[in-house]
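**Student:** Just need the structure, nothing else, for what follows:
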Amino acid sequence: MDLIAKIPHLPSMGETLEGHYFHMSCGGKGANQAVMAAKLGARVTMVTKLGRDYIGEIIFKNFQEIGVDTRYIFFDEENSSGVAPILVDDKGRNLLVYVPGANNCLSPEDARKAKEAIQEADVLVCQLEVPVETTMEALRIAREGAILTILNPAPARSLPGELLNLSDIIAPNETETEIITGMPVETLEEIEAAAVRLREMGAQLTVVTIGERGAMLVNEKGSTHVRAEQTKAVDTTGAGDAFIGSLAYFLSRGKIINEAIKRANSIAAISVTKVGTQVSFPQRHELEHLLD
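**Tutor:** Numbering: from 1, shown residues only. Now for the predicted structure:
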């Protein structure tokens, strides 16, 4: 659950600020990405774990209302549902704290329970807000079924080589790329070099999202900077998730990677024009020009 407060500027250590807006909405990287794909018209199954609490009930109901398959949403009786307090300043920048709760209890066995759904999918999308061994098991199951896999390595951490080798596409943002590779990412040239390094580390294809500058693609053909449409950002929270969910959707529809990135960039740009995460994601009827 995202707990979003709008504030004049990001606070300094020990500073107390008066906020001028508060909003609570369902979030989580995997959930956001699932919802974005579902809003575009994809058939989406979510594999996750919630706490047996009020927040968990709201999140579960939200999945149902959006049309996400909830067969593999499990409940933990001891831990709370995950929450993320988020501060957003008047320039649209944000600070985020993630408390995983029941997400940390999603096990490899839970992933195996969802094997049929994973191997019937066109695309499996994974993140690191659940234990790495669980993500790895889901990726193994997908690899057994020759399913396209996308790893959004967030929150960033040191990654096992097998995790990268099992990922057809690794799609971090700039900060995550810097943490994983240890390389600078200030300029486009530096981002390109870091993206190349990510591919060398094991992933078949790298897509680094770089905010208003778009995305950097590195594959066997070389490097391509796919520019983003320029918009006035109100809240950038969830833009990366809008991109990943859209990317998965367009790849499942058979779009080539460059075209999928271009369209995902456009949808992410729309999402930053509203406050919130899932509530800021556009509906299919708003995107007919991108869905041909």
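**Student:** Quick one: residues contacting the residue nearest the centre of the chain.
**Tutor:** When Cα atoms, centre = their mean is applied to the chain, the residue found nearest the centroid is D241 (3.6 Å). Contact analysis of D241 by Cβ atoms under 8 Å, 6 or more residues apart in numbering lists 29, 32-33, 36, 152, 277. Placement of C-beta: from N, CA and C, glycine included.
**Student:** And those residues, which two are furthest apart?
**Tutor:** Largest separation among the contacts of D241 by Cβ to Cβ: N152 and T277, giving 14.4 Å.
**Student:** returning to what we had before: so what pLDDT did the residue nearest to the centre of the chain get?
**Tutor:** pLDDT for D241: 95.
**Student:** Same check on A102?
**Tutor:** At A102, pLDDT is 97.
**Student:** In contact with it, which residues?
**Tutor:** 49-51, 56, 75-76, 79-82.
**Student:** Can you lay out the residues you listed as TSV showing pLDDT?
**Tutor:** Output for the contacts of A102, formatted as TSV (pLDDT from 0 to 100):
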residue	pLDDT
K49	97
L50	98
G51	97
G56	97
F75	97
D76	96
N79	96
S80	96
S81	97
G82	95
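**Student:** Quick check: closest non-adjacent residue to A193.
**Tutor:** Using Cβ to Cβ, 6 or more residues apart in numbering and skipping residues adjacent in sequence, the residue nearest A193 is M183, 6.4 Å away.
**Student:** Confirm for me that the one you found is in contact with E189.
**Tutor:** No - using Cβ atoms under 8 Å, M183 is not in contact with E189, being 11.1 Å away.
**Student:** neighbour count winner among the two?
**Tutor:** M183 (16 against 10; other Cβ atoms under 10 Å).
**Student:** and the more buried one, which of the three is it?
**Tutor:** Secondary structure, DSSP: H, G, I helix; E, B strand; the rest coil: M183 is coil.
**Student:** Would you check how far apart it and N104 are?
**Tutor:** As judged by Cβ to Cβ, to the nearest Å, M183 and N104 stand 29 Å apart.
**Student:** what are the ranges of the strands in the protein?
**Tutor:** With DSSP state E, the ranges of strands along the chain come out as 2-6, 21-25, 45-51, 69-76, 84-88, 94-96, 123-126, 148-151, 169-170, 205-209, 215-219, 222-226.
**Student:** could you redo these as TSV and give each row distance to T273?
**Tutor:** Putting the strands of the chain into TSV (distance: least, Cβ to Cβ, whole Å) gives the following:
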stretch	distance to T273
strand 2-6	15
strand 21-25	15
strand 45-51	26
strand 69-76	29
strand 84-88	13
strand 94-96	15
strand 123-126	24
strand 148-151	25
strand 169-170	27
strand 205-209	17
strand 215-219	19
strand 222-226	20
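**Student:** Can you add mean neighbour count and distance to R197 and give those back as JSON lines?
**Tutor:** Putting these into JSON lines (neighbours: other Cβ atoms under 10 Å; distance: least, Cβ to Cβ, whole Å) gives the following:
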{"stretch": "strand 2-6", "mean neighbour count": "20", "distance to R197": "32"}
{"stretch": "strand 21-25", "mean neighbour count": "14", "distance to R197": "35"}
{"stretch": "strand 45-51", "mean neighbour count": "23", "distance to R197": "30"}
{"stretch": "strand 69-76", "mean neighbour count": "16", "distance to R197": "34"}
{"stretch": "strand 84-88", "mean neighbour count": "20", "distance to R197": "29"}
{"stretch": "strand 94-96", "mean neighbour count": "15", "distance to R197": "26"}
{"stretch": "strand 123-126", "mean neighbour count": "25", "distance to R197": "21"}
{"stretch": "strand 148-151", "mean neighbour count": "22", "distance to R197": "16"}
{"stretch": "strand 169-170", "mean neighbour count": "26", "distance to R197": "11"}
{"stretch": "strand 205-209", "mean neighbour count": "25", "distance to R197": "9"}
{"stretch": "strand 215-219", "mean neighbour count": "23", "distance to R197": "9"}
{"stretch": "strand 222-226", "mean neighbour count": "15", "distance to R197": "12"}
